[in-house]
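Novice: turn this into a model:
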Amino acid sequence: MNRNAMTKTVAGFVLAGLAFGASAHRSWMLPSGTIVESAEPWVTIDGAITEDMFYFDHMPLRMENATVTSPDGTVAPAPTPVVGKQRASIDLKMPQNGTYRISLVDDIVMGSYKLGNEVKRFRGTKQAFAKELPAGAQDVRTTTLHRRIETFVTANKTSTGALKPSGVGLELVPLTHPNDLRAGETARWRFDLNGKPLPNLPFSLVPGGVRYRGTLGEIRLVTDAKGEASVTLPAANMYWLNASYPANQSKGPAEEPGDTRRYSYAATIEVLPE
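Specialist: Predicted structure coming up:
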């Protein structure tokens, strides 16, 4: 990855990792439809980093590393995105009937170390950091940012094979199917951190159309002692569901001395009319 792309990736990661409107910019993927009924179903996934939800006003989301989980549970790289000035787009053919998960998962390291009397700084992938850290480096400090951005689409009929959690990072486990959400009904969700339910986790829903309301319209929620939440679904719309751990981004669980870990999750879901 060239330096320009890495800078954009890291910037997008930092912006995505801040929950509850702490940053004016949010990262998201938006499908052209969440349920496609067709003999030959296709869907277009747009990705962007924006101020107004689901409105292209800033920069494209880098989706080169996105993956697609098919209804049978197999995972494959997403098609190569077309990248424009303010958005990126993926055209996805869905040969199997059922539900697909489109995910973008990144590990980015931001860190510093001391070499002699000079302090060096680094931003890049975890693998690159391990490779480029010179022998003799001292006072090594890193912050590892793990993010997951995703959405769900269904070809003709819903299924659950693509919904199984990976056990890595902060994940939504949909106990109610993500493509079967209707206004006024109750949805049940669980958040896991590295495969374990995460209790008392704040998360939120932000409806699309912020620019036409003049207010964010954020709905704040929290998981229970089992890491679950029952949510009465609001009015029909596209929604950005997001969470971060720890909620206080200045702190995080240490993986090793000098290392801090942060996690973020964001998904685009559609709530249909009653």
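Novice: use CA for all of it now, contacts and neighbours both
Specialist: Fine.
Novice: list the contacts of the residue nearest to residue 216 when sequence neighbours are not counted.
Specialist: Excluding the flanking residues, the one nearest residue 216 by C-alpha to C-alpha, 6 or more residues apart in numbering is residue 210, at 5.6 Å. Residue 210 makes contacts with 52-53, 216-217, as judged by C-alpha atoms under 8 Å, 6 or more residues apart in numbering.
Novice: ditto for residue 240
Specialist: 28, 53, 205-208, 266-269.
Novice: out of these, who's nearest residue 136?
Specialist: Proximity of those to residue 136 (C-alpha to C-alpha) peaks at residue 266, which lies at 38.6 Å.
Novice: which helix or strand contains the closest one?
Specialist: Residue 266 is part of strand 259-271 when elements are defined by DSSP states H and E.
Novice: elements contacting that strand?
Specialist: Contact analysis of strand 259-271 by 3 or more C-alpha pairs under 8 Å, 6 or more residues apart in numbering; DSSP states H and E lists strand 26-31, strand 138-155, strand 170-174, strand 237-245 as its packing neighbours.
Novice: distance to residue 183 and mean pLDDT for those - can I get that in TSV?
Specialist: Below are the helices and strands packed on strand 259-271 laid out as TSV (distance: least, C-alpha to C-alpha, whole Å; pLDDT from 0 to 100):
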stretch	distance to residue 183	mean pLDDT
strand 26-31	19	95
strand 138-155	18	93
strand 170-174	17	97
strand 237-245	9	96
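Novice: please identify the most buried of the ones you listed.
Specialist: Comparing the helices and strands packed on strand 259-271 by mean neighbour count (mean count of other C-alpha atoms under 10 Å), strand 26-31 ranks first with a mean of 26.
Novice: just checking: what are the partner strands of whatever helix or strand comes next after that one?
Specialist: On the C-terminal side of strand 26-31, the nearest following helix or strand under DSSP H and E is strand 35-36. Applying DSSP bridges, strand 35-36 is found paired with strand 138-155 (parallel).
Novice: so the strand it pairs with versus strand 26-31, what angle?
Specialist: Taking axes from the mean of the first three to the mean of the last three C-alpha atoms, to 10 degrees, one finds strand 138-155 and strand 26-31 inclined to each other by 30 degrees.
Novice: how far off centre is strand 138-155?
Specialist: Distance of strand 138-155 from the chain centroid (C-alpha atoms, centre = their mean, to the nearest Å) equals 8 Å.
Novice: over to stretch 28-42?
Specialist: Using C-alpha atoms, centre = their mean, the offset of stretch 28-42 from its chain centre is 19 Å.
Novice: and it, how far apart are its ends?
Specialist: In stretch 28-42, first residue to last residue: 20 Å (C-alpha to C-alpha, to the nearest Å).
Novice: list the buried ones in it?
Specialist: Across stretch 28-42, burial judged by 16 or more other C-alpha atoms under 10 Å covers 28-31, 33-36, 41-42.
Novice: before we move on, back to that, ranking the contacts of residue 240 by neighbours, who comes first?
Specialist: Per-residue neighbour counts (other C-alpha atoms under 10 Å) across the contacts of residue 240 peak at residue 266, which has 30 neighbours.
Novice: hey, what's the residue nearest to that one when sequence neighbours are not counted bridged with?
Specialist: Nearest residue to residue 266, sequence neighbours excluded (C-alpha to C-alpha, 6+ apart): residue 242, at 4.3 Å. Counting by DSSP bridges, residue 242 forms beta bridges with residue 204, residue 266.
Novice: quick one: residues contacting the spatially most central residue of the chain.
Specialist: Centroid-nearest residue in the chain: residue 149, 1.7 Å away (criterion: C-alpha atoms, centre = their mean). Residues counted as contacts of residue 149 (C-alpha under 8 Å, 6+ apart) are 27-29, 103-105, 265-267.
Novice: try 6 Å
Specialist: Residue 149 is in contact with 103-104, 265-267, counting by C-alpha atoms under 6 Å, 6 or more residues apart in numbering.
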